[in-house]
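Undergrad: here is the input, now give the coordinates:
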Amino acid sequence: CVAACPRSAAAWSRVDGGPSPTERADALVAPGERRPGRSVPAAFVERASDAELRAFFRKTALGMSWIRPEELRRNATLSLEFLRSGQSLI
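TA: This next block holds a predicted model:
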């Protein structure tokens with residue numbers, strides 16, 4: 001989702017040859033924080049209504065008003081298309 005989101009594009013860009021914002025933030029993460037949270041099936045996000053997405057993500061970072069349900073659906077669709085293409089992220 002993060003790789004697909006246009007809002008995240010600048011997070012990976014290096015500034016003046018130094019580390020990107022993502023690299024700087026990664027250096028601050030405690031070992032216990034590296035464990036990913038609950039997985040969200042992209043197929044659910046792709047087909048869910050706006051109300052279902054708002055309810056599912058309520059009280060999470062994705063439940064905040066900065067990202068709209070249609071953006072979550074777009075990112076889920078792009079992620080699924082990428083997976084279906086047989087390409088690898090690594």
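Undergrad: alpha carbons only for contacts and neighbour counts from here, please
TA: Will do.
Undergrad: against F57, how distant is Q87?
TA: 28 Å (CA to CA, to the nearest Å).
Undergrad: okay, the two: which has more neighbours?
TA: F57 (14 against 9; other CA atoms under 10 Å).
Undergrad: spit out the contact partners of the more buried one.
TA: Neighbouring residues of F57 by CA atoms under 8 Å, 6 or more residues apart in numbering: G63.
Undergrad: so how far is S13 from it?
TA: Relative to S13, and taking CA to CA, F57 is found at 28 Å.
Undergrad: now swap in A27 and tell me
TA: Look at A27 and S13: by CA to CA, they are 16 Å apart.
Undergrad: between these two, tell me which one has more neighbours.
TA: With neighbours defined as other CA under 10 Å, A27 and S13 compare such that S13 has more, 15 against 8.
Undergrad: any idea how far that one lies from L62?
TA: 22 Å.
Undergrad: residue ranges with poor pLDDT in this structure?
TA: 1-6, 9, 33-38, 88-90 (pLDDT under 70).
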